[in-house]
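Asker: Quick one, structure for this:
(chains A, B and C)
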Amino acid sequence: MGSFLGQVFDFFGNGDNWQGDEGIPTLLRQHLQLTVVSVLAAVVIAVPIGVVLGHVRRGGALAINVANIGRALPALALLILAVQWVGIGDPTGVFAPVVSYPAFIAMFALAIPPILANTYVGVAGVDDDAREAARGMGMNGRQMLRRVELPIAVPLIMAGVRTAAVAVIATATLAAYVDAGGLGRYIVDGFRVQDNVKVFVGGLLVALLAIAVELVLAGAQRGVTSPGLRRRDH
Amino acid sequence: MTLNRPHAAARPFRVVAVVTTLVLTLAALATGAGAGTNESLTVGSKDFAGAQALSQAYGQALDAAKFDVSFQDDIGATEVVYPALLDGDLDAYADYQGTLLTYLGGEPTGDSAETYKALVAKLKGTGIVASKPAPAVDVNGFYVTNATAKKYKLKTLSDLAEVSDKLSFGGPPECQDRPLCLGDTAQQLYGFDFSDVKKLDVGGPITAQALEDGDIDVGLLFTGSSVIPKGTVLLADDKGLQPADNPVLLVRKDKATPALMKVANAVSAKLTTGAYNKMSLAISEDKDDPSDAAAAFLKSAKLD
Amino acid sequence: MLAEDIGPKWLDWPWVTDHLDEIRSRLVEHVELTFYAVGIGLLIALPLAVLCIRHRRVYGPTIAITGVLYTIPALALFALLAPVFGLLSRWTAIVPLALYTLLILVRNTVTGFESVPPEVKEAAAGMGYSRSRQLWRVELPLALPTIVVGIRIAIVTTIGLVTVTALIGQGGLGSLILDGFNRDFRTPLTVGIVLSLALAVIVDVLLVVAVWLATPWRRANRGSRRRPAAPAEIDAPAPASDVIAEVG
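Answerer: Below you'll find the model as predicted:
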């Protein structure tokens, strides 16, 4: 056990592992980039839809069921389907930030359900009393949405984004199977040649990345939560 | 909140108790695969079409000879399957003698008999034995499109090495660690320096498609078992990087009875490159089951 | 979703009918792995949750630890445990799967018990119920819906994760999906995906029905003010009443 950890230390101490196509910085960047781009894209699509549905309080069953099915969709299958659809090619030009077409599509699809469901629930779940008060103050629909519903819904929306981000980070490890780079490279390669040190390093880095992102987003969530709504953390 | 109906309140408790007991019982049975008798065999296979065909062929022949065979398909590369054999998770599997010898730290040559001898020597004391090798050959092949070959005047791997920095390469994920792929031996002999190395699949449709689509310039496919896309050409291995990579069946010594080895050797004897190729393509191109493709081979070889 | 877009040529019926045996055995494997994993997860999570309820200070660290476990990518855990339990051993798959369920199970169980209104506990105490009787006969039934929401989420998530075990040579419906990938063969791919979704949906529905049957007093409360349900997401800072409501 001690020697295993020793080997892990050696891995980190080895300068070669910090440079080049398979160096830690490159893989970390690819992994993070894929996550950020997919989650952002999912936010851009899912939040407006969720807000509209939540505001009119229609399609709730749809939103919740999408969330459920999304949880059950095997990410591996999404990835493979995406490869069937768009192949494995290097995104170039304006699409380059996407890192890998099939990986992006799969992670995007993975990120949508929690964001959509939480946005809907966040907006639709705004207390009727609050809405009545808003109407009583003379606000129209759009004003109510902007000044009352959205601020109240924001914590839940951010929670959905957090859930999506952590899920994407963990699942993006599979993207190595379609040559999308990322920290999954260590895990997949390590497993294929039974190099457990590499697998461990890969897993460790992913977990650390997920925790770091979770903390950052938790802080962001606190930041955008209107002070009147802030609850004590348990 | 009505508390004066104790029966209704008790109901969920009973449901929980029943479910928990069931779960506990099931969990107690979770230790799955038990020990087999002497006659029972678990045959594993590596994770590409050619290897699957081999394991099915050997396994089914043994099954026909009254052994009690169960299969574990699609496990992984040699690095994963061979340790499983050593540990006893598997009793047998089919591998390629050159690849295995390289993995064990030996040096295969282009001569089948020599390579086999070296393999047997390496296996001494490990508790694993190998059947006689089959005549079939399946090696790593570096393929380019006709257009690429024309453009850079490529006929051999030496030609390729000279322009490799202008080209992109795609192959199995473990390629750079494999001496016979882009690892040590290949670099010593040829010195490839591709501009981009993509990690795709194991001689399968993804690599083939990427080659066809132009996503990669050079693709690593297997000469004997991959579906080779039209319009591509195999570059000649002029310096003899690829060894005699003939199929063998690896068996744990404690299961390797003379009767078993006799069946395995009989299969090896009939396994020509043509027959092997036919099985592999049936699996990867026609989407036949490995078991059906192997059965067809055994039938025509009169081993069933 | 995507499978429908791409069209019926993704399903070659003759192949399906020829391979019903294999499909059935993969499905059974998948179900077994899921239930063992969630079962063991429950065996660990329930006592752990009770501990957190009795000693409030343990809750925070427990959630933190199970949360960190959840961030470890499945593939890495499977790969690392393979040398420990043996590559083809079921434990290599089951142990990580069970660990992943802990976060949601512990969290929902604790929240469920904590949302039992104090008046109810007082009434039970007033009626002379002993502490353990109170726990089993009064609090548990009321906490059950929330606990079951956690179990449902755990099961559905596990069903998705079991497919990853195919990458280390284990089975389940993931083998069909992987086969489709390796051979560029869409039918097993479709079958694998459709069956995993169907499995998740069916198990989910069965659990909803089971809870509905086991909690008749909630049926009596139908028709109260309509409010959309909260999905009891892992990080949702939702008030207790939202968490009690069911999904979908």
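
Asker: For the rest of this, base every contact and every neighbour count on C-alpha atoms.
Answerer: Will do.

Asker: Can you give me the neighbour number for residue B:125?
Answerer: If you count neighbours by other C-alpha atoms under 10 Å in any protein chain shown, residue B:125 ends up with 10.

Asker: Check whether it sits in a helix, strand or coil.
Answerer: On the three-state scheme (DSSP: H, G, I helix; E, B strand; the rest coil), residue B:125 is labelled coil.

Asker: Chain C versus that one, what's the distance?
Answerer: Plainly put, residue B:125 is 22 Å away from chain C if you go by C-alpha to the nearest C-alpha, to the nearest Å.

Asker: Residue B:175 now?
Answerer: The spacing between residue B:175 and chain C, counted by C-alpha to the nearest C-alpha, is 17 Å.

Asker: and that residue, what are its phi and psi?
Answerer: Per-residue torsions, residue B:175: phi -50, psi -40 (degrees, to the nearest 10).

Asker: who's in contact with it?
Answerer: Residues in contact with residue B:175 (C-alpha atoms under 8 Å, 6 or more residues apart in numbering or on different chains) are B:181-183, B:199.

Asker: any idea of the pLDDT on it?
Answerer: What the model reports for residue B:175 is a pLDDT of 88.

Asker: likewise residue B:187?
Answerer: Looking at residue B:187, its pLDDT is 87.

Asker: could you flag which of the contacts of residue B:175 are buried?
Answerer: B:181-183, B:199 (16 or more other C-alpha atoms under 10 Å in any protein chain shown).

Asker: Tell me how far residue B:212 lies from residue B:113.
Answerer: 37 Å (C-alpha to C-alpha, to the nearest Å).

Asker: okay, those two: which has more neighbours?
Answerer: Legend: neighbour count by other C-alpha under 10 Å for residue B:212 and residue B:113, higher for residue B:212 (20 against 13).

Asker: show me the contacts for the residue nearest to residue A:90 when sequence neighbours are not counted.
Answerer: In space, and not counting its chain neighbours, residue A:90 is closest to residue A:100: 6.2 Å by C-alpha to C-alpha, 6 or more residues apart in numbering or on different chains. Listed by C-alpha under 8 Å, 6+ apart, the contact partners of residue A:100 are A:34, A:88-91, A:179-180.

Asker: longest helix in chain A, by residue count?
Answerer: Of all segments of type helix in chain A, defined using DSSP state H, the longest is helix A:24-56.

Asker: after it, next one along is what?
Answerer: Downstream of helix A:24-56, the next assigned helix or strand under DSSP states H and E is helix A:60-72.

Asker: Grab the nearest non-local neighbour of the residue nearest the centre of chain C.
Answerer: The geometric centre of chain C, computed from its C-alpha atoms, lies nearest to residue C:154 (C-alpha atoms, centre = their mean), at 1.7 Å. Nearest non-adjacent residue to residue C:154, counting by C-alpha to C-alpha, 6+ apart: residue C:101, 5.3 Å away.

Asker: Let me know the secondary structure of residue A:214.
Answerer: Residue A:214, by the three-state scheme (three-state DSSP), is helix.

Asker: Isn't it up against residue A:167?
Answerer: No: distance between residue A:214 and residue A:167: 10.5 Å, which falls outside the contact criterion (C-alpha atoms under 8 Å).

Asker: and for the two, which residues touch both?
Answerer: Once C-alpha under 8 Å, 6+ apart is applied, it turns out that residue A:214 and residue A:167 contact no residue in common.

Asker: ok, back up a step: which member of the contacts of residue A:100 is positioned nearest residue B:176?
Answerer: Comparing those against residue B:176 with C-alpha to C-alpha places residue A:179 closest, at 14.1 Å.

Asker: Local confidence estimate at residue B:217?
Answerer: 93.

Asker: number of nearby residues for the residue of the stretch 201-304 of chain B found nearest chain C?
Answerer: When C-alpha to the nearest C-alpha is the measure, the stretch 201-304 of chain B has its nearest residue to chain C at residue B:284, with 5.4 Å between them. Using other C-alpha under 10 Å, residue B:284 is surrounded by 23 other residues.

Asker: what do you get for residue C:35?
Answerer: Using other C-alpha under 10 Å, residue C:35 has 19 other residues around it.

Asker: what about it, which helix or strand?
Answerer: Under the criterion DSSP H and E, the helix or strand holding residue C:35 is helix C:20-54.

Asker: rewinding a little: so what's the residue of the stretch 201-304 of chain B closest to chain C closest to, chain neighbours aside?
Answerer: Leaving aside its chain neighbours, residue B:284 sits nearest to residue C:183 (5.4 Å; criterion: C-alpha to C-alpha, 6+ apart).

Asker: what sits against the one you found?
Answerer: Counting by C-alpha under 8 Å, 6+ apart, residue C:183 has contacts B:204-205, B:283-285, B:287.

Asker: Do a quick rundown of the helices in chain A.
Answerer: A:2-13, A:24-56, A:60-72, A:75-86, A:101-124, A:128-136, A:141-144, A:150-171, A:184-192, A:196-224.

Asker: so can I have a markdown table of the ones you listed showing mean neighbour count and distance to residue B:194?
Answerer: Conversion of the helices of chain A to a markdown table gives the following (neighbours: other C-alpha atoms under 10 Å in any protein chain shown; distance: least, C-alpha to C-alpha, whole Å):
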| stretch | mean neighbour count | distance to residue B:194 |
| --- | --- | --- |
| helix A:2-13 | 12 | 25 |
| helix A:24-56 | 20 | 18 |
| helix A:60-72 | 21 | 40 |
| helix A:75-86 | 21 | 24 |
| helix A:101-124 | 28 | 23 |
| helix A:128-136 | 13 | 64 |
| helix A:141-144 | 14 | 58 |
| helix A:150-171 | 24 | 30 |
| helix A:184-192 | 26 | 19 |
| helix A:196-224 | 19 | 24 |
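
Asker: Ok, which of those comes nearest residue B:121?
Answerer: Closest of the helices of chain A to residue B:121 is helix A:184-192, at 25.7 Å (criterion: C-alpha to C-alpha).

Asker: For the closest one, which helices and strands make contact with it?
Answerer: Counting contacts by 3 or more C-alpha pairs under 8 Å, 6 or more residues apart in numbering or on different chains; DSSP states H and E, helix A:184-192 is packed against helix A:196-224, helix B:78-87, helix C:74-85.

Asker: of the contacts of residue B:175, list those near chain A.
Answerer: With C-alpha under 8 Å from any C-alpha of the partner chain as the criterion, the members of the contacts of residue B:175 in contact with chain A are residue B:199.

Asker: Give me the subset of the contacts of residue B:175 lying in strands.
Answerer: With strands defined by DSSP state E, the entries of the contacts of residue B:175 inside them are residue B:199.

Asker: Thanks a lot, catch you later.
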